[in-house]
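Enquirer: Sequence isn't available, so here's the structure alone:
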């Protein structure tokens, strides 16, 4: 099933934040549909193959539903797609709060270009790599928060294969590929995953060599995004502070820098060859 079966009594998330309102709203709808169907919480749990504790926690807004639970609840309760419609909002609320505004804009992207000097981009991370990152967080995160953030990050990766197709470009610092995050086995799997994703026809993956000298990315990571309405926005993030940039002049400057980065990075073929060598040595 993949979901925890133990009920958790705390009403607060890590850091003392209230649980997201969407979780509470979703839970109230599950309770409403359950009562209309004439089922107890135990009967709903039995019908969906989940635990009573999990059903109770979801109804009370203490835990978010995963897509598999929503699919089962839709079938058992005849919810008519109402719960499924809320699933993306439930998932988005699992993300760190500072990132949620940009994550919402990201769902409307037709193109997304990103430069990441120190870490593999979140959209390209394996589950083991994600868990290694969140498990090393300072200050430490509790296991439930690690689970929520990991699930949310992996859910965002649907952007890689969604329809309509999103054009994606990544320039990744060589340092991100040589830093053994999570150990050699995790990095080998991560590098192999990068090669697989890089082969998708809507994805271009380039590596910025550590020996490149000066380049416009030395000031840090950033993202450039174009929406369905052809609005261009930027995003920068550091030390768990995220800023969405909409000023046209600033977005234009980021675009110029990204173009320069792509011209100075290894081309797609050279980048793939480097990753193959690193994977073989990992």
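Expert: Sure, I can see it. Remember, predicted model here, so these are calculated numbers, not experimental data.
Enquirer: Could you use CA atoms for every contact and neighbour count after this?
Expert: OK.
Enquirer: Name the residue most distant from the centre of this structure?
Expert: residue 38 (36.8 Å; C-alpha atoms, centre = their mean).
Enquirer: which element is that one on?
Expert: Assigned by DSSP states H and E, residue 38 belongs to no helix or strand.
Enquirer: ok, residue 179 - how many residues close by?
Expert: A count of nearby residues for residue 179, using other C-alpha atoms under 10 Å, gives 14.
Enquirer: Check the gap between it and residue 230 for me.
Expert: Distance, residue 179 to residue 230, using C-alpha to C-alpha, to the nearest Å: 36 Å.
Enquirer: where does the spatially most central residue of the chain land in three-state SS?
Expert: By C-alpha atoms, centre = their mean, the mean C-alpha position of the chain lies nearest to residue 153, the distance being 2.2 Å. With DSSP: H, G, I helix; E, B strand; the rest coil as the basis, residue 153 sits in helix.
Enquirer: From residue 103, how far off is it?
Expert: Distance from residue 153 to residue 103, by C-alpha to C-alpha: 10 Å.
Enquirer: likewise residue 46?
Expert: 35 Å.
Enquirer: Give me the pLDDT for the residue nearest to the centre of the chain.
Expert: Residue 153 carries a pLDDT value of 94.
Enquirer: residues touching it, list them.
Expert: Residues counted as contacts of residue 153 (C-alpha atoms under 8 Å, 6 or more residues apart in numbering) are 95, 122-123, 130.
Enquirer: For those residues, give me a markdown table that also has pLDDT, secondary structure and distance to residue 107.
Expert: Putting these into a markdown table (pLDDT from 0 to 100; DSSP: H, G, I helix; E, B strand; the rest coil; distance: C-alpha to C-alpha, whole Å) gives the following:
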| residue | pLDDT | secondary structure | distance to residue 107 |
| --- | --- | --- | --- |
| 95 | 93 | coil | 14 |
| 122 | 97 | helix | 15 |
| 123 | 98 | helix | 13 |
| 130 | 97 | helix | 21 |
